Structures are given as C-alpha cells and as structure tokens.
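J.: Okay, sequence plus prediction incoming.
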Amino acid sequence: MDQTGRSSPRIPASPHSPLWLGGLLFLVALLAASGFVASMTRLGESLEHRHGLELVETAAAMFDPAQVASLRGLPEDAGTSAHDQVVARLRALREANPEFRFAYLMRPLAAGESRFVFLADAEHPTSADYSAPGDAYDGPSENLAHAARTGQPIFSDVVADDWGEWVSALAPIRHEGKVVAVLGIDLAHEAWLHARDRYRTFALAIAGLGLALVTLFLLGLHLQRRAGERLASLGRQLAEQLETLEQAQEGLRLADVVVRHTSEAIMVLDPGFRILRVNAAYERLTGRRAADVVGEVPAALSRDPALARRISAAIAAGDHWQEELELIRADGSPTPVGALAEVVRDGQGRIEHFIAVLQDLSDRKALEARLRELSATDGLTGIANRRSFDETLAREWERGLRHATPLAIVMADIDFFKRYNDTYGHVAGDACLQQVAAALASGIRHGGDTVARYGGEEFAVVLPGADAAAACAVAESLRARVEALALPHAGRPGGGVVTISLGVAAALPARDQSPTGLVEQADQRLYRAKESGRNRVCG
C-alpha cells in the first residue's frame, strides 16, 4: 500500500519467454560443436599421417644404403651376408614396433618401371606371407612408384592386395644421391583407423560436454527467470508486511553467526586499512589472535607497499579487488590464498569500510602440482614418460650449450621381451617392466640424471655432464642391476634370466647439432648391441 492507504498496482509478468533466443544459442553451439568435431577428426588424420611418415623415415635411416644397394633383387641374394643383415634389421624393426605387420624392401624392375620386385622381407621363409628376393610384387604399386620416383616418403590410405587390407608407410633409401630401394611398412588398417578415430571420439566427448553446458546454462536462465518471478512475488508480499525491529535484529544476529562460523577468513578494515574485526576462520588461517591484530594494518600490506597501491587502484576503478597472494602465518610458514576486497560506502559515496575475504588455496595448489607430476610420469612404471624425457633432453642440451659441458644418452631395451610376454602373459610382462624400471631408476647417478620409459620395453637415460666413458660405466652398472634381478626368462634362446641391451652416445652440444641426433646414435648402438648377442653395452 502507498502513503494514502491504497494498494499499489500489480505489474503483470510478461507471458513471453525468450525461447527463440535460447534456441538460437543452442543452434550456434550445435554448429560450433559440429565444426569442432570435424576439425579434430581432420587433425587426428593429419597427426596419424605424420606419425606414420616419421616412423618409416626413422626406420629407413637405420639401414646401410651401401648394403641395400648391393642387393640385386635376384634369388641368388638369399643367403648372402648383405641380405641376411638387411633381413635381420627388418625383423628387429618389426619386433621393436608392435604396430608393424609387414616390413620389406622393394626396387623397380628398371628405371622408370612401375613394377617392383622384393629385395628382402621380414617374414620367415616358411611363412605363407614370405616373398623371396626377385619375387615380383603384383599389388597396387602407384605409391611405390611415386616414392621411388620423387624420393619422398608416403603414408597411404587403406590399400588392398593379396595379403589383405593395409595402411602402408613407404620411404625411399638413397645411396650416392639415387633411390636404391623403397622400405615398406604395413599396418593393419583396423588399428590405424582406431588410432585415428580416437581424436573424433575425444572431439565428440568435448562437443557433447559443451552442448550439455549450454543446455544447463539455458536451463539455468529459465530457472533464474522463474526464480526472479517468484522473488518478485515475495518482494511484493514483503513490501505489504513490514518487518518488525525484532526480525531485523534476528537477521543481524544470524549474519553475525555466518561471519563468525564461515570457513573463509574475513576482515573488516577502516578506510586507512586498519583492522576493525576478524572472524575465527582468520585466526585459524593466519595463526594470529584477533586481539593481536585489531587496530593494526595487515602484515601483507606493511611488508609489500606495492600491494597496497594495487588494491587502492583496483578499488578506485571499480570498488573491487581480487588477487592470489602468499600469506605468511604467525609461525613463518607460507600459505597460498585467494584474496578479494569489496567497498562499503555511505550515503554520500564516502568509503566507510573494506570487507576483505581470504580463502586457503593450499589444497588446490597441491592438486595442481600433483596433476603436473602425473602428466610427466609413466602410468605403468612410475618413472618419467616419453614427454618428460623429451623435455629433459631439450633442457639439458641447452644447458650443455651454455656451459660447454657434455651430455650422454643411454638407450636400453629388454631382450626378447615379446617372447617374455608370449611365455608368461601381459600381466607378468607389465610386472617385468616395473621391476626393470625400478632397477634402472635406483642405478642412475644423483644430481640431474633421468631415466624414462621411451616406449614399449625400451628405456632412455639422460646423463648431464657425462662423457662417453662415464656413460658407458653407468650403462654397464644398469645392465648388471637388471641381470641381478634374476627374473626367469624361459622364452629366450637357451633360457636364462631377463637382461637388457644398451646403446650409449655422448657429445658436446653444438648449435649446428640437435639432441635428436644423439638419440638416434644411441639407438643405432642399441641395435648393434642386440645384433652382437644382447645383454651388453655398445658405446
């Protein structure tokens, strides 16, 4: 009712709801989600394509071009030393990469010829899939011809031939500037399509989450509108029923209870930033009693005048300040807090009080640190993962450049690990990987050395400041530690225990080199150690 005692007119609520605006927003979100899924699908195809090219290019770099050039593509090649060594490398390549199905070398029948013959095949001669030297390849050869003609690697779409459906990665091998063979690696197309579709599945999940959030947002707006109408109705009812002084006092008492018992630290400050009042949560957070701080300027402002200037500038711009700070407790221990301040003004716009709220961020910061640690750790073995290895290698390479100190890499591979899995099963294989990783991690030097799971059963060790001799000594110690585990390995020729082969490379970092070359050199020496009988160090 107004001052004349007449009832105030009731303002009717609008019957129209902006549903069309919500529908338009949902349509825009749906289009954006569709575009995101398509973009991620294309990205997945591009990354898997690039991954295949990198795999075959790295594999091609492992072959001796002169040795490959010596093969004539005739049945008489079989049994020769060059042919046997090339076949051994093909088989090692396939064993080291579980995603590879076939690995082979081919050459055109003649220059410019589109037909190809086999030079070497990783399959065993007794296998139905084996192709002997000189056998003609009667499958699709356009990609082979293109790789031989242009000298560029190719990663094909799904190709069908007499051996089934494959995704092929092809890379030329050059000798004296000429392409002398084409290395082919076939992967089962189901596995490649599955790897590619992971990106689409991820994009669908993100898009679905985004649409769900938009839907929840629209639902929230609708509920907020309905709640607003209900609040307006309550407001009209409250306007018609004046609250008594007792009710107002009860409200003030409840507000005081909330301030005293809330989990967030609250300070009431005067315009000069002197503390007028704090709650119990403030005492728990800072370790200081209210009686000791009332009338004082907060210690953070006294210690850091720049903070006081930032607060004043933020409040002058909008009556609000918010920042993350490091609070020093009474016992001297630091605690991360989220701080915000709001201004209370009187009827003339003058500042009466500041209300400052402090929230303990210790748990959140600990969680963030734990997440960073997990992103750099291999989930199975608990040591550094490939990503962490790459970051450490790049960092130590730059440090070596700055200080002119050497850097060494050790690449290690569990001998006959595929046979171990075949003999004992993958659960035992995982346990074997964990024990080997623990032995390697306990055997490295302190002060910056890093051991990481490089992939599958392969491990890598970064040794900052180590020359070749020191790195070989560490590698030999690691080899002995793994052998000392005495893990039975009935699947290796002649039986015995689990062992590792290691390749060592060391260099003084230089601007015209890259750490990738050091890894490749260690990897080549690892394969040399395996070809020399395994369970040894090659440096």
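T.: Thanks, I have it. Residues are numbered from 1 along each chain as shown.
J.: CA atoms for contacts and neighbours, from now on please.
T.: Noted.
J.: Could I get the buried residue list for the host helix or strand of L526?
T.: In this structure, L526 sits in helix 515-531 according to DSSP states H and E. Neighbour-count burial for helix 515-531 flags 515, 518-530 (criterion: 16 or more other C-alpha atoms under 10 Å).
J.: And for stretch 205-225?
T.: 207-208, 210-211, 214-215, 218, 222.
J.: Which ones among those lie within helices?
T.: The helices, defined by DSSP state H, take in 207-208, 210-211, 214-215, 218, 222 from the buried residues of stretch 205-225.
J.: picking up where we left off before, let me have the buried residues of helix 515-531 in CSV, extended by pLDDT.
T.: Shown next, in CSV, are the buried residues of helix 515-531 (pLDDT from 0 to 100):
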residue, pLDDT
P515, 94
L518, 96
V519, 96
E520, 96
Q521, 97
A522, 97
D523, 96
Q524, 97
R525, 97
L526, 97
Y527, 97
R528, 97
A529, 96
K530, 96
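J.: what's the next secondary structure element after the worst-scoring helix or strand of the chain on mean pLDDT?
T.: Within the chain, no helix or strand scores below helix 245-261, which has a mean of 57 by mean pLDDT, DSSP states H and E. Scanning forward in sequence from helix 245-261 by DSSP H and E, the next helix or strand is strand 265-269.
J.: For the helix or strand following that next one, output the C-alpha coordinates as CSV.
T.: Downstream of strand 265-269, the first helix or strand assigned by DSSP H and E is strand 275-278. Only the C-alpha atoms of strand 275-278 are listed here, as CSV (Å, rounded to 0.1, in the frame of the first residue of the first chain):
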residue,chain,number,x,y,z
ILE,A,275,41.7,-4.0,11.0
LEU,A,276,38.5,-3.4,12.9
ARG,A,277,37.3,-7.0,13.2
VAL,A,278,38.3,-10.6,12.1
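J.: what pairs with strand 275-278, and is each one parallel or antiparallel?
T.: Sheet pairing of strand 275-278 (DSSP bridges) gives strand 265-269 (antiparallel).
J.: Now do the partner strand: everything it contacts.
T.: For strand 265-269, the surrounding residues in contact (C-alpha atoms under 8 Å, 6 or more residues apart in numbering) are 259, 275-283, 285, 353-359.
J.: Which members of these are classed as buried?
T.: Buried among the contacts of strand 265-269 by 16+ other C-alpha under 10 Å: 259, 275-283, 285, 353-359.
J.: Flag the shaky bits of the stretch 101-250 of the chain, pLDDT-wise.
T.: Residues of the stretch 101-250 of the chain meeting the criterion pLDDT under 70: 112, 161-163, 188-189, 191-196, 239, 241-250.
J.: So A460: helix, strand or coil?
T.: strand (DSSP: H, G, I helix; E, B strand; the rest coil).
J.: any idea how far A265 is from it?
T.: A460 is 49 Å from A265, where distance means C-alpha to C-alpha, to the nearest Å.
J.: more neighbours, these two?
T.: A460 (27 against 23; other C-alpha atoms under 10 Å).
J.: Help me confirm that that one comes into contact with Y454.
T.: Yes: between A460 and Y454 there is a contact under C-alpha atoms under 8 Å: 5.7 Å.
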